[in-house]
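1. Here is my input; please provide its structure:
(one chain, ligands or ions: 1)
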Amino acid sequence: MTEVLPDVAAARKRFLEITRAGTSLGLVPTMGALHEGHLSLVRRAADENDIVAVSVFVNPTQFNDPEDLKRYPRDFEEDRILLESAGTDLVFYPDTEDMYADGYRYKVTEVENSLLLEGAHRGGYFDGVLTVVLKLLNITGADRAYFGEKDWQQFNLIRGMAKAFFLDTEIIPCSLVREDDGLAMSSRNARLTPAERELAPAFHRILAGSGSPEVKTARLEEAGFAVDYVEEREGRILGAVHLGRVRLIDNVRI
Ligand code: AMP
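-> This is a model prediction of the structure:
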């Protein structure tokens, strides 16, 4: 039976019992609206740890668009059922006042790579991500934390933060999970209209195809996407596009 921890104080107490008993703890941070991509992280954590905790928290500090935050899909009961079936022992489900009792006066900032790619298009995004992940790692004391390669830049920045601050948690990357037609699974895909959903796999197809980033940008625009960026970095090609009111990101190894 999955146990729900609804506040920071109860969670700290429970996680301390677990880590003091010498039981290994794996953490999967999420914003809910769960799909197979998230569940693949949970299963991996269950394979590699005695206890698996999943946090479900729509982190307001990583949204620069209030409309996007308002429209972000939420269904905790459905998430809880999926997490139970994937082998989750504990779900940490805090509210914003509890997580940000300081009113977000304190934050973690990376000053170089966080300004590129996603950071160049979403002001303050990585401050919000790094800050909430540091809070979650401190609250849980997890031995390992699992992050998807779908958010490649996010994973890299979190791994860098763990190293910079001598955190004890091992940061583990997990493969990107796609729909059968190649579209990267994302909670935001549910907001695509049927016509947009039909077009969406072309994003991955064009990104993974031949040509320079400039050529791929032109092909995406021709297909009907509004392109934020297509860039090559560290042997990967990364992209972000808007399709109607939904923003999609993806990346492939070159
Ligand atoms: P989110 O709820 O979108 O913040 O995602 C929570 C975690 O799940 C992050 O580490 C994401 O990178 C990961 N994730 C989301 N979608 C996928 C996917 N399609 N494949 C693999 N990991 C994913």
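2. Following element in sequence after the lengthiest helix in the chain, please.
-> Secondary structure of the chain per DSSP state H: the longest helix is helix 125-140. With elements assigned by DSSP states H and E, the helix or strand that comes after helix 125-140 is strand 144-148.
3. Need the residues that contact that following strand.
-> 24-29, 37-38, 41-42, 44-45, 48-49, 133, 136-137, 154-155, 158, 169-177 (CB atoms under 8 Å, 6 or more residues apart in numbering). Any C-beta I mention is one placed from the backbone N, CA and C, and that applies to glycine too.
4. what is the rounded mean pLDDT of that strand?
-> Strand 144-148 shows a mean pLDDT of 98.
5. following it, which helix or strand comes up?
-> Later in the chain than strand 144-148, the nearest helix or strand by DSSP H and E is helix 152-164.
6. other SSEs contacting that next one?
-> If contacts are counted by 3 or more CB pairs under 8 Å, 6 or more residues apart in numbering; DSSP states H and E, helix 152-164 sits against helix 118-121, helix 125-140, strand 144-148, strand 170-174, strand 236-243.
7. And those: which comes nearest Pro94?
-> helix 125-140 (8.4 Å; CB to CB).
8. For the closest one, buried residues please.
-> 125-137, 139-140 (16 or more other CB atoms under 10 Å).
9. Show me which of those residues is closest to the ligand.
-> The shortest approach to the ligand among the buried residues of helix 125-140 belongs to Val129, at 8.5 Å (CB to the nearest ligand atom).
10. list the contacts for the closest one?
-> Asn59, Gln62, Gln154, Leu157, Ile158.
11. what's the spacing between the third one and Arg122?
-> It refers to Gln154. The spacing between Gln154 and Arg122, counted by CB to CB, to the nearest Å, is 11 Å.
12. Spell out which parts of the stretch 101-250 of the chain neighbour the ligand.
-> Residues of the stretch 101-250 of the chain found near the ligand (CB under 6 Å from any ligand atom) are Phe147, Gly148, Lys150, Asp151, Cys174, Leu176, Val177, Ala184, Met185, Ser186, Ser187.
13. quick one: which two of those are the most distant?
-> Pairwise distances across these (CB to CB) peak at 16.1 Å, for the pair Cys174 and Ser187.
14. Could you check which residue of the stretch 51-200 of the chain lies nearest the ligand?
-> As assessed by CB to the nearest ligand atom, the ligand sits closest to Gly148 within the stretch 51-200 of the chain, at 2.1 Å.
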